[in-house]
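S.K.: Sequence first, predicted coordinates after that:
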Amino acid sequence: MASNYEGYKSPLSTRYASKEMQFLFSDQNKFSNWRRLWVWLAKAESTLGLEISAEQIAEMEREITNIDFEAAAAEERLTRHDVMAHVHVFAKQCPAAAPVIHLGATSCYVGDNTDLIVLRDALKLLLPRVACVIAQLSQFAQSYKDQPTLGFTHLQPAQLTTVGKRACLWIQDLLMDERALSRCLEDLRFRGVKGTTGTQASFMQLFNGDGQKVKKLDQLVTELAGFEKAYSVTGQTYTRKVDVEIVGALSSLGTSIHKMCTDLRILASRKELEEPFESTQIGSSAMAYKRNPMRSERCCALARHLITLFSSAANTHATQWLERTLDDSANRRLTLSEAFLSADAALLTLLNITQGLVVYPKVIERHIAQELPFMSTENIIMAMVKAGGDRQVCHEKIRVLSQEAGAQVKQHGKDNDLVERVRKDPYFSPILEQLDTILDAKTFTGRATEQVGEFVEEEVKPVLARYSEALKSVQDVKLNI
């Protein structure tokens, strides 16, 4: 039993990412796709006239998922070549088809095309998760579109906004991520059947120089794999610029998640907002009273790792020499899988957060009350001028009272008593009846409420409409750790 715990296992698999995303990057899925690609190649070659029988194809199809991993590992130790190891094992399982397995192909036929299939399927799995988070935040924004709260610039109290309007800022970033990831999916193509350096020379030999048949072969395999188009030109590999675009979009998603969850952590420290917290959850091993924003902290940690992976993809593309060098291989095994697994884990955690966000309006109101008197001074001055007062005299009165109230706050740790000082000063008697209206926090939020409604209708709903089926079946996310 102890041996199960004596080797390294990625926390992305053991703790964070979904089973669905883990399967996409599993050996079972990878090598089953290799075998599917050999079947598709044989089918297309047979269609175009090569002597490959239906029986040979059927034999391969029966063994697509029946992979002898131990035999393949033993073969790779001998050959030092992963693709040929699996060709040999597959050939032993399919003796009749053995002569036509991998016919005319290079290693990147199975390696790169499988990567593109996995990237496609991973994007399809990830995009609805992004939409689900946007949908939850959209409901949250509309629920709290009228709730005034302190805005912050430079992390210092600033003009009021609303809780819902702030959530729209998070949604806006995620909409940009959805757009970038959707474009990656829409632009993604198949490598297809290109040969060792992308010239299709080996297939020209197979088809006796018939270029139209080779072109048709490329098209048939591409369609069998579920792609509309293949890249028109490749070297030995598809350009690693594709990886740069996809990992770049995922890293950009990481920045959005990190920014939002940092905001949540700041607001949690002020006790204005709180992520879900189970009744049996422990916040601290020492301080039993604590309710730490563990989920938001996890999102930030995963997002930070995700952001760093962009440099790996970029550097790998930058250092591919001529038609290809193999120093991309080990890096891509790590970078592509970890980028998607990290994004998947962060989004699932974020969805759990957004499904249970708690807002504490009374705490928010208390914080507003501490700052609003200073923010209201311009409105008080305008009201006095309308009542016949002198703007400069009023400004000086407010300046002095504000300095006195500020001293009470900063030097003595007391509450802001500017409003009481204004009420007690006979100079302001003409506007005392208006003072409560002047100090109504909702009069300081501008068009924030309207902006939420407009943003949801014009920007959010058209995007969510594309995910209507996925949103119907969304369930509450349960975190195991």
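M.R.: Arrived safely.
S.K.: so what's residue 180 closest to, chain neighbours aside?
M.R.: Among residues not flanking residue 180 along the chain, residue 249 sits closest, at 4.1 Å (Cβ to Cβ, 6 or more residues apart in numbering). Bear in mind the C-beta positions are built from the backbone N, C-alpha and C, glycine included.
S.K.: I'd like to know how many residues surround the one you found.
M.R.: By the criterion of other Cβ atoms under 10 Å, residue 249 has 25 neighbours.
S.K.: Over to residue 215?
M.R.: 14.
S.K.: Give me the distance between it and residue 385.
M.R.: Per Cβ to Cβ, to the nearest Å, residue 215 is found 80 Å from residue 385.
S.K.: Tell me which stretches of the stretch 1-150 of the chain form strands.
M.R.: 148-153 (DSSP state E, counting those that start in this stretch).
S.K.: In this structure the residue nearest to residue 180 contacts residue 181, no?
M.R.: Yes. Between residue 249 and residue 181 there is a contact at 5.0 Å, judged by Cβ atoms under 8 Å.
S.K.: shaky segments in the stretch 1-150 of the chain?
M.R.: Residues of the stretch 1-150 of the chain meeting the criterion pLDDT under 70: 1-2.
S.K.: Please work out how many residues are found near residue 164.
M.R.: Neighbours of residue 164 under the rule other Cβ under 10 Å: 26.
S.K.: Run through the residues that contact it.
M.R.: If a contact means Cβ atoms under 8 Å, 6 or more residues apart in numbering, then residue 164 has 140, 141, 142, 143, 144, 145, 146, 147, 448, 449, 452 as its contacts.
S.K.: change it to 6 Å
M.R.: Taking Cβ atoms under 6 Å, 6 or more residues apart in numbering as the criterion, residue 164 is in contact with 141, 144, 145, 452.
S.K.: which one is it nearest to, not counting chain neighbours?
M.R.: Spatial nearest neighbour of residue 164, excluding adjacent residues (Cβ to Cβ, 6+ apart): residue 145 at 3.5 Å.
S.K.: Report the rounded mean pLDDT for stretch 388-407.
M.R.: Averaging pLDDT along stretch 388-407 yields 91.
S.K.: got the buried residues for that stretch?
M.R.: For stretch 388-407, a neighbour-count test (16 or more other Cβ atoms under 10 Å) marks 389, 394, 397, 398, 401, 402, 405 as buried.
S.K.: Run the chain-centre distance for it.
M.R.: 50 Å (Cα atoms, centre = their mean, to the nearest Å).
S.K.: Over to stretch 126-145?
M.R.: 13 Å.
S.K.: shouldn't residue 391 be in contact with residue 384?
M.R.: No. Taking contacts as Cβ atoms under 6 Å, residue 391 lies outside contact range of residue 384: 7.9 Å.
S.K.: and the closest residue to residue 194 other than its chain neighbours, what does it touch?
M.R.: If the residues on either side of it in the chain are set aside, residue 194 comes closest to residue 234, at 4.9 Å by Cβ to Cβ, 6+ apart. Going by Cβ under 6 Å, 6+ apart, residue 234 touches 191, 194, 198.
S.K.: closest to residue 260 among those residues?
M.R.: Distance to residue 260, by Cβ to Cβ, is smallest for residue 191 among those, at 36.1 Å.
S.K.: Now residue 369: closest residue in space, sequence neighbours ignored.
M.R.: Counting by Cβ to Cβ, 6+ apart, residue 369 lies nearest to residue 416, which is 7.4 Å off, once chain neighbours are set aside.
S.K.: And residue 201, by the same measure?
M.R.: In space, residue 201 is closest to residue 195, 5.5 Å off (Cβ to Cβ, 6+ apart).
S.K.: How many residues are close by residue 77?
M.R.: For residue 77, the count of nearby residues is 9 (other Cβ under 10 Å).
S.K.: How many neighbouring residues does the residue nearest to residue 164 have?
M.R.: Using other Cβ under 10 Å, residue 145 has 22 neighbouring residues.
S.K.: and it, what does it touch?
M.R.: 162, 164, 449, 452.
S.K.: The residues you listed in strands, which ones?
M.R.: Judged by DSSP state E, these include residue 162 as members of strands.
S.K.: What is the nearest of the contacts of residue 145 to residue 25?
M.R.: residue 164 (37.7 Å).
S.K.: what's the neighbour count on residue 157?
M.R.: Number of residues near residue 157 (other Cβ under 10 Å) recorded here: 17.
S.K.: who does it bridge with?
M.R.: Note on residue 157: beta-bridge partners residue 152, judged by DSSP bridges.
S.K.: residues in contact with residue 401?
M.R.: Residue 401 makes contact with 418, 421, according to Cβ under 6 Å, 6+ apart.
S.K.: Would you mind measuring from it to residue 75?
M.R.: Taking Cβ to Cβ, one finds residue 401 at 86 Å from residue 75.
S.K.: ditto for residue 18
M.R.: Counting by Cβ to Cβ, the gap from residue 18 to residue 75 is 32 Å.
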